[in-house]
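# Build me a structure from this.
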Amino acid sequence: MAEIINKKYPLEKIRNIGIIAHIDAGKTTTTERILFYTGKSHKIGDIDEGNTQMDWMAQERERGITITSAATTCFWKDHRINIIDTPGHVDFTAEVERSLRVLDGGVIILDGSQGVEPQSETVYRQAQKYNVPLLFFINKLDKVGGDFYMSVGSIAEKLTNKGVVVQLPIGLENTFEAVIDLIEMKAYKFEGTGGEKVIEFEIPVDMLEDAKKYRSIMIEKVAEADDKLIEKYLAGEELTNDEIRKGLRELTIKAEVYPIFCGASLSNKGVQKVLDGVVDYLPSPKDKPDIVGIREGTDEQMLLKADENGPFVALAFKIQTDPYVGKLTYIRVYSGKISSGSYVHNSTADRKERLGRILLMHANHREEIKEISAGEIGAGVGLEAITGDTLCAEDNKIVLDKISFAEPVIGIVVEPKTKADRNKMGQVIKKFLEEDPTLAIKTNIETGQTLLYGMGELHLEIIVDRMRREFNLEVNTGTPQVAYRETIRKVVESEGKYIRQTGGRGQYGHVVIKVEPLERGEGVKFVDKIVGGAIPREYIPAVEKGIKEAAESGIIAGYPFVDFQVTLFDGSFHEVDSSEMAFKMAAIEALRQAQRAGDTFLLEPIMKVEVIVAEEFMGDVIGNISSKRGKIDSTEQRGNARIITAKVPLAEMFGYATELRGMTQGRGSFTMEPSHYEEVPSNIAEGLIKDNIRH
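Numbers count the residues shown, from 1 in each chain. A predicted model of the protein is given here:
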């Protein structure tokens with residue numbers, strides 16, 4: 001294997017792909033089969049036995065879920081495939097976000113008995129955001145309720161009408177035994193202890209009509225790939241299999257079609273054909289559009305080609321603390337190459353860093369390599385970079401777009417069990433904040449309590465568990481708290497002055513601002529409209545800094561102040577006494593005045609909740625959601641189950657798993673993900689404000 005690892009693969013023979021899906025759709029099970037069939041492992045890992053290679057963390061093996069995205073490299077049909085297996089639980093959606101930012105293609109896995117589920121929609125939207133070409137793999141067709149055609153319909157209904165069926169299943173549920181390839185017009189079954197023997201046979205007579213029908217639909221789509229194919233198709237000529245593949249590849253790379261495959265990973269059926277699809281249809285780094293960068297310190301755009309002879313540019317997309325080698329920085333190289341021991345320029349932080357060693361990762365195992373070049377993914381040791389930093393050559397300073405992450409919505413109080421652990425806790429949390437951009441920390445100045453914010457109860461539970469196991473740090477935790485926000489209702493103008501006269505040089509800063517509300521989720525925006533030198537240019541950044549600092553806490557309950565725009569349009573300065581500090585303090589005062597005058601109110605996070613229950617419990621569940629200030633969006637039937645989709649305030653959802661079990665005799669299940677922020681009803685807001693004053 002070492003010889004293959006060190007073999008240089010041309011860019012067109014490299015695939016960087018992500019395995020993405022809703023929780024329990026079979027991502028890790030599929031990845032384990034891929035590793036087995038590509039020769040990367042000699043035994044198929046099993047989630048139930050806790051011996052999978054990609055779910056290597058103790059918490060993952062105990063819970064049977066993926067928590068952190070794991071990277072590996074394998075080889076198929078003379079192609080190098082770099083794979084990132086991502087989590088499916090919504091609490092760890094940042095792992096999907098950062099992976100999709102650096103991947104060239106993805107495989108979305110669907111549970112064939114459920115079709116498109118809530119997190120499937122989320123990962124599809126994330127892939128769209130980064131323009132990532134996709135294949136769909138409808139998995140678990142051997143499961144009770146497995147329904148290929150329902151799943152295909154749910155792709156069209158909930159995600160996109162660009163799905164193109166390239167395979168059909170033979171049999172469903174316990175009769176599922178093989179797949180039909182609509183290009184070759186052959187059937188394939190998978191035999192041997194691990195399904196490693198692929199046996200070709202003729203399509204059964206009773207499936208031939210269906211196969212011809214779906215093949216003609218596929219060819220009609222493929223013909224749109226280029227003028228020659230459409231001419232041939234309209235002339236009634238048969239397209240060759242190679243032409244079909246070529247057309248499918250072109251359209252998939254442009255995200256104009258999404259090929260749909262089928263199988264059952266757990267019973268070892270169909271995975272090799274998905275690997276063929278990855279090689280045949282998903283893009284190499286060369287097939288992707290040029291990467292857009294900005295020359296450091298300017299607005300000048302630069303286009304970067306995937307070329308190992310170009311200038312070195314890479315993006316740090318994940319930080320991981322390794323007990324043996326320390327801090328690992330995962331990087332995707334877009335252009336050029338770099339050797340271990342080299343110096344790089346971190347253009348995001350504007351500093352020089354040394355890349356001590358380069359590692360090729362296989363989950364938590366590592367293999368040292370001498371260099372890494374365009375199109376490859378690896379991990380660097382010795383770098384100070386954090387997630388989203390651009391690394392480049394010192395003589396070609398470029399900044400790539402950073403990665404955007406969702407805001408945390410829930411917090412817990414964490415306190416060390418002993419005084420001796422207080423400093424240690426600070427260092428450990430600092431490591432977690434480096435690793436995970438969806439974590440945030442806030443210290444209550446009055447009580448001295450440390451609040452740790454994350455994406456959900458499970459997210460925070462895992463962090464606390466990791467503190468104990470990985471760092472031997474015992475902490476006490478308080479009850480979960482909602483991450484409320486404050487915002488302004490009306491447009492106001494205000495001014496802030498900071499004037500101090502002491503014995504020596506004084507302090508003078510004076511700003512006049514307009515503050516106006518923005519749409520939910522737009523954050524904090526600062527606009528400089530100073531003309532005629534009313535405030536010297538060198539003090540403007542200090543004003544912006546003061547605004548952002550003041551926005552960290554609102555005036556009615558101390559929550560972050562969001563979704564507003566500040567326009568700085570006037571002010572004055574003193575030739576001698578003005579300073580950056582004075583203007584920063586004046587800006588803080590101006591925003592505080594605006595908050596008081598602008599009818600500030602509280603916002604709360606609203607969750608998108610999907611509950612799956614039997615028909616008999618539906619009335620009770622809907623009634624219970626309504627009692628939680630929830631709004632029902634839709635109800636639909638899926639097999640024998642009813643799916644209820646609703647928007648519910650997060651504050652009402654604590655302990656819901658236990659409630660739902662009680663209402664449904666243990667048979668109900670639910671998923672929840674952040675949707676948006678909404679105004680807190682006045683009666684509830686009053687209670688929150690009183691509680692905050694009390695504390």
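
# In the stretch 51-200 of the chain, what residue spans correspond to strands?
For the stretch 51-200 of the chain, the strands defined by DSSP state E, counting those that start in this stretch cover 70-76, 79-85, 105-111, 134-139, 163-165, 167-170, 178-181, 186-191, 197-201.

# For F261, give me phi and psi.
Torsion angles at F261 (phi, psi; degrees, to the nearest 10) stand at phi -110, psi 170.

# if we can go back for a sec, could I get the strands of the stretch 51-200 of the chain as TSV with mean neighbour count and mean pLDDT?
Backbone N, C-alpha and C define where each C-beta goes, glycine included. Compiled in TSV, the strands of the stretch 51-200 of the chain are given as follows (neighbours: other Cβ atoms under 10 Å; pLDDT from 0 to 100):
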stretch	mean neighbour count	mean pLDDT
strand 70-76	22	81
strand 79-85	24	84
strand 105-111	26	91
strand 134-139	28	94
strand 163-165	22	94
strand 167-170	24	94
strand 178-181	22	94
strand 186-191	18	93
strand 197-201	12	91
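
# out of the ones you listed, nearest to L208?
For the strands of the stretch 51-200 of the chain, proximity to L208 was assessed by Cβ to Cβ; strand 178-181 is nearest, at 9.3 Å.

# Output the closest one as PDB, restricted to C-alpha atoms.
In PDB, the C-alpha atoms belonging to strand 178-181 read as follows (Å, rounded to 0.1, in the frame of the first residue of the first chain):
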ATOM      1  CA  ALA A 178     -29.200  -7.400  -7.400                       C
ATOM      2  CA  VAL A 179     -29.000  -4.100  -9.400                       C
ATOM      3  CA  ILE A 180     -29.600  -3.300 -13.100                       C
ATOM      4  CA  ASP A 181     -27.100  -1.100 -14.800                       C
END
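
# For it, report the contacting residues that lie outside it.
Strand 178-181 has contacts (Cβ atoms under 8 Å, 6 or more residues apart in numbering) with 166-171, 186-190, 201, 203, 207, 211, 261-263, 269-270, 273.

# Please tell me I have it right and V464 contacts V414.
Yes: at 6.9 Å, V464 counts as touching V414 under the criterion of Cβ atoms under 8 Å.

# Run through the bridge partners of the nearest residue to M585 once chain neighbours are set aside.
Among residues not flanking M585 along the chain, Y498 sits closest, at 4.0 Å (Cβ to Cβ, 6 or more residues apart in numbering). Y498 has these beta-bridge partners by DSSP bridges: G509.

# Contacts only, for Y498.
507-510, 582-583, 585-586, 589.

# Against R596, how distant is the closest residue in space to G310 that isn't next to it in sequence?
Among residues not flanking G310 along the chain, S335 sits closest, at 4.1 Å (Cβ to Cβ, 6+ apart). Relative to R596, S335 is positioned 51 Å away (Cβ to Cβ, to the nearest Å).

# do the same with Y214
Distance of Y214 to R596, given as Cβ to Cβ: 65 Å.

# the more surrounded of these two?
Using other Cβ atoms under 10 Å as the criterion, Y214 and R596 rank with Y214 on top: 19 against 13.

# Just give the nearest non-adjacent residue to that one, would you?
Nearest to Y214 is V165, by Cβ to Cβ, 6+ apart, at 5.0 Å.

# before we move on, what about E202?
The shortest distance from E202 to any non-neighbouring residue, by Cβ to Cβ, 6+ apart, is to A187 (6.7 Å).

# which residues are in contact with both of V464 and V414?
Common contacts of V464 and V414 (Cβ under 8 Å, 6+ apart): 475, 477.

# which of these two has more neighbours?
A count of neighbours by other Cβ under 10 Å puts V414 above the other of V464 and V414, at 22 against 17.

# tell me the contacts of Y334?
285, 291, 304, 306, 313-315, 374, 400.

# buried set for the one helix or strand it maps to?
Y334 belongs to strand 326-335 when assigned by DSSP states H and E. Using 16 or more other Cβ atoms under 10 Å as the burial criterion, the residues of strand 326-335 that qualify are 327-335.

# Can you list the strands that it pairs with?
strand 313-322 (antiparallel), strand 377-381 (antiparallel).

# chain center to the first one, what's the gap?
Its chain's average C-alpha position is 15 Å from that of strand 313-322, according to Cα atoms, centre = their mean, to the nearest Å.

# repeat for stretch 402-410
For stretch 402-410, the separation from the chain centroid amounts to 9 Å (computed by Cα atoms, centre = their mean).

# quick one: buried residues of it?
Neighbour-count burial for stretch 402-410, counted by 16+ other Cβ under 10 Å, picks out 403, 405, 407-410.

# From I463, how far off is the closest residue to I499 other than its chain neighbours?
Nearest non-adjacent residue to I499, counting by Cβ to Cβ, 6+ apart: Y508, 5.5 Å away. Distance of Y508 to I463, computed by Cβ to Cβ: 46 Å.

# With I530 instead?
In this view, I530 and I463 are 44 Å apart by Cβ to Cβ.

# Check E376 too.
31 Å.

# pull the CA atoms of the strand holding Y334 into PDB?
In PDB, the C-alpha atoms belonging to strand 326-335 read as follows (Å, rounded to 0.1, in the frame of the first residue of the first chain):
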ATOM      1  CA  GLY A 326      -0.300  17.700  19.000                       C
ATOM      2  CA  LYS A 327      -2.300  20.000  16.800                       C
ATOM      3  CA  LEU A 328      -3.200  18.700  13.300                       C
ATOM      4  CA  THR A 329      -4.300  21.200  10.600                       C
ATOM      5  CA  TYR A 330      -6.200  19.600   7.800                       C
ATOM      6  CA  ILE A 331      -5.400  21.400   4.500                       C
ATOM      7  CA  ARG A 332      -6.700  21.200   0.900                       C
ATOM      8  CA  VAL A 333      -4.100  22.300  -1.600                       C
ATOM      9  CA  TYR A 334      -5.700  24.100  -4.600                       C
ATOM     10  CA  SER A 335      -2.500  25.100  -6.500                       C
END
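
# Please say which of I530 and I463 ends up with more neighbours.
The residue with more neighbours, out of I530 and I463, is I463; 22 against 19, by other Cβ under 10 Å.

# Now the more buried one: which helix or strand?
Using DSSP H and E, I463 sits within helix 457-471.

# which strands and helices sit next to that helix?
Applying 3 or more Cβ pairs under 8 Å, 6 or more residues apart in numbering; DSSP states H and E, one finds that helix 457-471 makes contact with helix 58-63, strand 410-416, helix 421-435, strand 450-454, strand 475-477.

# Any buried residues in stretch 425-440, and which?
425, 428-429, 431-440.

# Next, the contact list for the residue nearest to the spatial centre of the chain, please.
Nearest to the geometric centre of the chain sits E97, at 2.0 Å (Cα atoms, centre = their mean). Applying Cβ under 8 Å, 6+ apart to E97 gives the contacts 126, 403-406.

# ditto for N139
By Cβ under 8 Å, 6+ apart, the contact set of N139 is 25-26, 29-30, 109-112, 263-265.

# A587 in helix, strand or coil?
helix (DSSP: H, G, I helix; E, B strand; the rest coil).

# Surely it is in contact with I547?
Yes: contact criterion Cβ under 8 Å: A587 and I547 qualify, at 5.1 Å.

# For these two, work out which one has more neighbours and name it.
A587 (29 against 25).

# Now do the same contact list for the more buried one.
Under the criterion of Cβ under 8 Å, 6+ apart, the neighbours of A587 are 496, 509, 511, 513, 542-547, 550, 568.

# which one of those has the most neighbours?
Counting neighbours by other Cβ under 10 Å, V511 comes out on top of the contacts of A587 with 34 neighbours.

# Check the burial of the residue lying closest to that residue once chain neighbours are set aside by counting its neighbours.
Excluding its sequence neighbours, the residue lying closest to V511 (Cβ to Cβ, 6+ apart) is G571, at 4.2 Å. A count of nearby residues for G571, using other Cβ under 10 Å, gives 25.
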